[in-house]
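Q: Whatever this is, show me its structure:
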Amino acid sequence: MTDRPKTKETAHTGRKPTAFRLDDGRVRLDDASSDLLSRETRIVPAREEDGDSVPAAIERKPFRWGRLFAAGLAGLVSLAVGLSIDALIRDLFSRSDWLGFLGVGLAALAALGLLGLAIREIAGLMRLSRIDALRDEIAAAAERDDAKAAKAGLQSLMQLYHGRPETAAGRRALSQHLGEVIDGRDLVILAERDLLKPLDEQARRFVTESAKRVSVVTALSPRALVDLLMVLFENLRLIRRLSALYGGRPGFVGFLRLSRSVAAHLAITGGMAAGDTLVSQVLGHGLAARLSARLGEGVVNGLLTARIGIAAIDVCRPSPFVGARRPAVSDIMGELFKGDPQAKALLEEAEKEKK
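A: Residues are numbered from 1 along each chain as shown. Okay, the predicted model is just below:
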């Protein structure tokens, strides 16, 4: 058996083709580039060449012209504000020293307030990120039935509600469960029952109250602009209340991010009443049309508010719904039309057909 034909390496070393046996002790299988010893032969495995392979295209991110414009505009505005304040303080000093020092003091107060706002916004964003990460961690632990991961996530959940008086009893019960229960999914279910159930009930009341207000105001309002403003205000207020209830407390920037998350979740789950068969049946019976003289478009606006509230609960809740029943639009409808005999009769009829 002969070794491979002369290559650049053999040409460099000046070795001639040689006959050898594979079981010879002087034969070494190696792909290293180290020099051979005297009278030693090395077999270098040939590398597979994939001639048909195409180099993977490197994805290039498009240049963000919008970010460049925003950065430049923000810089110009900051310079303009700074120069204006500087000119104002100089003008105050030119008039009187005490006016100048007063201007400096007020500018310092404004800078301190701006710093406090920035810290609050950063803290709000960090809380929202913490809740999102905690929800993903608990969901993964429940899905894998991982007791260790569930205990770590629930410890963080109790820390999140530390200092909340309404959660004291639930935190005590959950602390006992952590030392007694060995199944991760069961721990998450117990946390929902003992710790999150009071918050879920209050969140449902928030959604029901907002849906009622929207329905009544938009039914009595004579102008579409008032309806639009009422729906927008009440839905934004509802999202903020639910976030504060579950421990988010976002600032302005965090609230914008939270609202975007709620809108994205609402789009993913399929619109106002997707998947809620009772709502579909009631609307099919013409509930909005039959009550148009009394509620008009308030019915639809109330259902939309309820749907947004339920989506906000999903986004703001630091734990997914595992054992607890997720709120549905039909639950809010039952509370919304409980005082109306005609609507109540239609709801009961739709429930019978559903069964």
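Q: hey, let's count contacts and neighbours off CA atoms from now on
A: Fine.
Q: Now stretch 221-231 - C-alpha only, CSV.
A: Extracted in CSV, the C-alpha atoms of stretch 221-231 (Å, rounded to 0.1, in the frame of the first residue of the first chain):
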residue,chain,number,x,y,z
SER,A,221,-73.9,59.9,24.5
PRO,A,222,-75.3,61.8,21.5
ARG,A,223,-71.9,62.2,19.7
ALA,A,224,-69.6,59.6,18.2
LEU,A,225,-66.5,61.6,19.3
VAL,A,226,-67.5,61.3,22.9
ASP,A,227,-68.0,57.6,22.5
LEU,A,228,-64.5,57.3,21.0
LEU,A,229,-62.9,59.3,23.7
MET,A,230,-64.7,57.4,26.4
VAL,A,231,-63.8,54.0,25.0
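Q: And the contacts of that stretch?
A: Stretch 221-231 is touched from outside by V214, V217, T218, N301, T305, with contacts defined as Cα atoms under 8 Å, 6 or more residues apart in numbering.
Q: again with stretch 166-186
A: 141-151, 158, 161, 187, 190-191, 194-196, 198.
Q: and if we set it to 6 Å?
A: Contacts of stretch 166-186 with the rest of the structure, by Cα atoms under 6 Å, 6 or more residues apart in numbering, involve A142, D145, D146, A147, A150, D194, L195.
Q: Quick check: buried residues in that stretch?
A: T167, G170, R171, L174, S175, H177, L178, I182, D183, G184, R185, D186 (16 or more other Cα atoms under 10 Å).
Q: my read: G309 touches T208, true?
A: No: in this structure, G309 is not within contact of T208 by Cα atoms under 6 Å, at 8.8 Å.
Q: Take the buried residues of stretch 166-186 and write them to TSV, including distance to V262, pLDDT and secondary structure.
A: Rendered in TSV, the data for these read as follows (distance: Cα to Cα, whole Å; pLDDT from 0 to 100; DSSP: H, G, I helix; E, B strand; the rest coil):
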residue	distance to V262	pLDDT	secondary structure
T167	25	88	helix
G170	27	89	helix
R171	28	90	helix
L174	29	89	helix
S175	32	89	helix
H177	32	87	helix
L178	32	87	helix
I182	34	85	coil
D183	32	87	coil
G184	28	87	helix
R185	26	90	helix
D186	28	90	helix
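Q: Nearest to F233, out of those: which one, please.
A: The shortest distance between F233 and any of the buried residues of stretch 166-186, using Cα to Cα, involves T167 and amounts to 29.3 Å.
Q: now stretch 151-159: mean pLDDT?
A: The average pLDDT for stretch 151-159 rounds to 91.
Q: CA atoms of that stretch as PDB?
A: Coordinates of the C-alpha atoms in stretch 151-159 are reproduced here as PDB (Å, rounded to 0.1, in the frame of the first residue of the first chain):
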ATOM      1  CA  LYS A 151     -40.300  26.500  43.600                       C
ATOM      2  CA  ALA A 152     -37.800  29.000  42.300                       C
ATOM      3  CA  GLY A 153     -40.400  30.800  40.300                       C
ATOM      4  CA  LEU A 154     -43.000  30.800  43.100                       C
ATOM      5  CA  GLN A 155     -40.400  32.200  45.500                       C
ATOM      6  CA  SER A 156     -39.900  35.100  43.100                       C
ATOM      7  CA  LEU A 157     -43.700  35.400  42.900                       C
ATOM      8  CA  MET A 158     -44.000  35.700  46.600                       C
ATOM      9  CA  GLN A 159     -41.200  38.300  46.600                       C
END
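Q: got the contact list for it?
A: Among residues not part of stretch 151-159, those counted as contacts by Cα under 6 Å, 6+ apart are I138.
Q: If you count neighbours, what's buried in that stretch?
A: In stretch 151-159, counting by 16+ other Cα under 10 Å, buried: K151, G153, L154, S156, L157, M158.
Q: Tell me which two of these sit farthest apart.
A: Looking at the buried residues of stretch 151-159 by Cα to Cα, the two members farthest from one another are K151 and M158, with 10.4 Å of separation.
Q: follow-up on the earlier one: in helices only, show me the contacts of stretch 221-231.
A: Among the contacts of stretch 221-231, the members found in helices (DSSP state H) are V214, V217, T218, N301, T305.
Q: Need those residues in JSON lines (columns: neighbour count and distance to R325).
A: Compiled in JSON lines, these are given as follows (neighbours: other Cα atoms under 10 Å; distance: Cα to Cα, whole Å):
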{"residue": "V214", "neighbour count": "29", "distance to R325": "25"}
{"residue": "V217", "neighbour count": "18", "distance to R325": "30"}
{"residue": "T218", "neighbour count": "27", "distance to R325": "30"}
{"residue": "N301", "neighbour count": "24", "distance to R325": "24"}
{"residue": "T305", "neighbour count": "30", "distance to R325": "20"}
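Q: Now render the residues you listed as TSV, adding distance to L99.
A: As requested, the ones in helices among the contacts of stretch 221-231 are arranged in TSV below (distance: Cα to Cα, whole Å):
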residue	distance to L99
V214	50
V217	50
T218	52
N301	54
T305	52
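Q: now, which of those residues sits nearest S129?
A: Looking across the ones in helices among the contacts of stretch 221-231 and measuring by Cα to Cα, the closest to S129 is T305, at 25.1 Å.
Q: Does that closest one touch A211 like I think?
A: Yes: counting by Cα under 6 Å, T305 touches A211, with 5.4 Å between them.
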